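Student: Predicted model and sequence follow; I will ask about them next.
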There are 4 protein chains.
Amino acid sequence: MARTTTTPPDGRFQSPEVRRRQILDAAAELAVSEGLESTSIARVAEAAGLAKGSIYLHFASRQDLLAGLQADLWQRMLATPNDIVSDDTLSWSTRLSAVVEHWMRFEFEHHGLYHSVFHTIATDSDEPLEAARSLLAELIHRGTDAGEFHTGGLDAGVVVEFLLNGYVGPCFHHTNADTAIDTVRQLFNRVLGITTS
Amino acid sequence: MARTTTTPPDGRFQSPEVRRRQILDAAAELAVSEGLESTSIARVAEAAGLAKGSIYLHFASRQDLLAGLQADLWQRMLATPNDIVSDDTLSWSTRLSAVVEHWMRFEFEHHGLYHSVFHTIATDSDEPLEAARSLLAELIHRGTDAGEFHTGGLDAGVVVEFLLNGYVGPCFHHTNADTAIDTVRQLFNRVLGITTS
Amino acid sequence: MARTTTTPPDGRFQSPEVRRRQILDAAAELAVSEGLESTSIARVAEAAGLAKGSIYLHFASRQDLLAGLQADLWQRMLATPNDIVSDDTLSWSTRLSAVVEHWMRFEFEHHGLYHSVFHTIATDSDEPLEAARSLLAELIHRGTDAGEFHTGGLDAGVVVEFLLNGYVGPCFHHTNADTAIDTVRQLFNRVLGITTS
Amino acid sequence: MARTTTTPPDGRFQSPEVRRRQILDAAAELAVSEGLESTSIARVAEAAGLAKGSIYLHFASRQDLLAGLQADLWQRMLATPNDIVSDDTLSWSTRLSAVVEHWMRFEFEHHGLYHSVFHTIATDSDEPLEAARSLLAELIHRGTDAGEFHTGGLDAGVVVEFLLNGYVGPCFHHTNADTAIDTVRQLFNRVLGITTS
DNA sequence: AATGAATGAGGCTTCATTCAT
DNA sequence: GATGAATGAAGCCTCATTCAT
């Protein structure tokens, strides 16, 4: 039949994957602009150009939607850094710098959404958060082993938490992003005893 | 019913100041134990031993109450550090250490309440947050002038934000508080180029 | 003060007991006219002259309201019969007749509401239903012992269920109530082997 | 996707009659296991192996489906009894016994579905219910004329309603089915003045 | 004949806020 | 000052029904 038309005439009918993404994007935008708690199903539906009930074709509940948003953000936050850490052509301090830059740009773009998602949503698993911690912990550990970093007996867990929270602060106030990133990179270096000659 | 007049045996009639304090304390306790969003007027009233309507004799709205709570917390967070910074018998690095310890203990005690108040409540003024920034900024500035800290041309605003957020991270995970505080103090030292001989 | 006015000017403020009764009455009326499932909170509130939210000052949930309605009906259904059964000045067959009449008039008045409440609402306890069964079972048992009834070895439980359901049937169709009651009384007599000379 | 044309390997295309039956059977099963109100279109479709929308190719609305279910049940309830009543090789009391047994077994099998269908669904016509009444009324009338039953001037309509409701009661509580049936048969005999010598 | 994404009315429930007492 | 019954807007969710494919 006429089943060949892959592009529907208007946007009324969409494949589940597309719709799911549209909804998540709408939710993310709302969450950024109005806060997570104000991100109601009604608002999301409106922003996504759907009826309220249609949200439930893609998410079992508001909690589920929020969890999906969280997972989505985490995955975007972690994908590139994972690649960076695995790239053995780079020195450890270069990898660290690259990860910091990625995270900060991500945070600038989302203007703190990560932070509210981070601290507000109750999910069953802290998996992705743990993944971020592990990533940074491993990076530090291996850079130290390689003689590039010098943590001098500091509690590794505390250092990781400190850095992971610290870089977020400068992202909230729109000073020049490049300056902020550059400064934070140097702060990471100081914390990890990296001497940039 | 048969109880006729004046001064009731229990604490039913209180001066406005006392009542206000009772309400704020009840709200803070609830916010710590159940989260800011779950802190409803009904729950606060119940915890404060008042009827719902009576809350409105002391606060214009829920927002007002939450703003009061915020101001209260900031107040508590800043009072002692202000004293510390003014104490000229101490070296700048000692003052810094003392402020960090105060803030971290405060955070540990309130189990992240500060953080959610910080990030959730929309207030008209960022006054107190600005005050915290100023405090730390001044401390760093004067310590640098005194030759105790060495920030080497780093953007002061970024450093302040970095530190102000960084110390919060380790407070969420109940590793031993003393270890966390000690480690964070050393991290501050590293960031500010303080050499502890 | 002016606390003496027991009758409020209009019906806006009522004591909890009065309101609870008004709500239950409204709910019963709706349940009779439209069926239990159609008895929504919104309809009940409207019928009771209240806002939707006000229902929840008196009932924890729709289930709770329905359970309250059920309990209310059962209690009205069982109070008088209990008295009748205890009245030792009457013969057992007279008591039986009186109970049947009470139940049937009750059913006529409520036009089958008992029946839908009986079969629809999921309550934690079947207490009151069990109470009705017990009442009839005891009445039959003691009337048999007294030599007034002759059940001749029939399974007591089955007989009770049979009678308890049977009398309801004629109440649905508005034949003359008195005729129906009189006929059902005779049917009970036949079932229980009572000879009315 | 790659599956090209005609006659699919599974039972996807069916004649309307077969589909209708499949849907009704699925609905009946669901109604028995979960109650009439919980029998949603979505559940029925799922149980029948169809998409939601396809139900509407066979029934105009949910009400229509429920009415169909009702008609179906009545049909099954009345077919055999009609044959029994027409079987002139049997005495009237034997026919009565056989009808009672059929009805009770039917009720036991469906675990009260008949009852909820009976009392919940609003249909335009009470035709089938009337048919059941007529059947029993005729049976009683002709048995009385034949001298087998002795109703002694009791109101026929009331007696029919009484019996029609009465037999249902014992079916709800899983005492032994055979005992229940046997007992109810005797109760019918008592009501109709049948002496079993 | 079949699908299933989309709809939107309607149901339950919560909660900040008001106001007569 | 204090109360608490009452309100009503707003939130989450379900489900019968439609319709483009």
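Tutor: Done, it's in. Model, not experiment: these values are computed from the prediction.

Student: Which element, helix or strand, includes the residue most central in space within chain A?
Tutor: Centroid-nearest residue in chain A: A:Met77, 3.3 Å away (criterion: CA atoms, centre = their mean). If you go by DSSP states H and E, A:Met77 is part of helix A:62-86.

Student: Can you pull the domain assignment for chain A?
Tutor: Listed domain ranges for chain A are A:7-59, A:62-191 (source: automatic domain parsing).

Student: Out of those domains, which gets nearest to chain B?
Tutor: Among the domains of chain A, the nearest to chain B by CB to the nearest CB is domain A:62-191 (3.1 Å). Yep, even glycine has a C-beta here, placed from its N, CA and C like the rest.

Student: hmm, the closest one in reach of DNA strand F?
Tutor: Yes: contact of domain A:62-191 with DNA strand F (CB under 7 Å from any atom of the strand) involves A:Arg62, A:Gln63.

Student: next one: stretch A:37-57
Tutor: Yes: contact of stretch A:37-57 with DNA strand F is found when judged by CB under 7 Å from any atom of the strand, involving A:Ser38, A:Ser40, A:Ile41, A:Ala42, A:Arg43, A:Lys52, A:Gly53, A:Tyr56.

Student: Start and end of that stretch, how far apart?
Tutor: End-to-end span of stretch A:37-57 (CA to CA, to the nearest Å): 22 Å.

Student: tell me which residues in it are buried?
Tutor: Within stretch A:37-57, the residues that count as buried by 16 or more other CB atoms under 10 Å in any protein chain shown are A:Thr39, A:Ile41, A:Arg43, A:Val44, A:Ala45, A:Ala47, A:Ala48, A:Leu50, A:Ile55.

Student: could I get the residues you listed as JSON lines with pLDDT and distance to chain D?
Tutor: Below are these laid out as JSON lines (pLDDT from 0 to 100; distance: CB to the nearest CB, whole Å):
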{"residue": "A:Thr39", "pLDDT": "94", "distance to chain D": "28"}
{"residue": "A:Ile41", "pLDDT": "98", "distance to chain D": "20"}
{"residue": "A:Arg43", "pLDDT": "97", "distance to chain D": "27"}
{"residue": "A:Val44", "pLDDT": "97", "distance to chain D": "23"}
{"residue": "A:Ala45", "pLDDT": "97", "distance to chain D": "20"}
{"residue": "A:Ala47", "pLDDT": "96", "distance to chain D": "27"}
{"residue": "A:Ala48", "pLDDT": "96", "distance to chain D": "22"}
{"residue": "A:Leu50", "pLDDT": "95", "distance to chain D": "18"}
{"residue": "A:Ile55", "pLDDT": "98", "distance to chain D": "17"}
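
Student: Mind checking which of these land in strands?
Tutor: Using DSSP state E, the subset of the buried residues of stretch A:37-57 located in strands is empty.

Student: ok, how many other residues are close to A:Ser61?
Tutor: Neighbourhood size, A:Ser61 [other CB atoms under 10 Å in any protein chain shown]: 11.

Student: just to revisit the earlier point, for the helix holding A:Met77, buried residues please.
Tutor: Counting neighbours by 16+ other CB under 10 Å, helix A:62-86 gives A:65-74, A:77-78, A:81, A:84-85 as buried.

Student: now the helices: where do they sit in chain A?
Tutor: A:16-34, A:41-48, A:52-55, A:62-86, A:92-110, A:113-120, A:127-145, A:156-166, A:169-172, A:177-191 (DSSP state H).

Student: least reliable of the ones you listed going by mean pLDDT?
Tutor: Averaged per stretch, pLDDT over the helices of chain A is lowest on helix A:113-120, reaching a mean of 70.

Student: how close does A:Trp74 get to B:Phe172?
Tutor: 17 Å (CB to CB, to the nearest Å).
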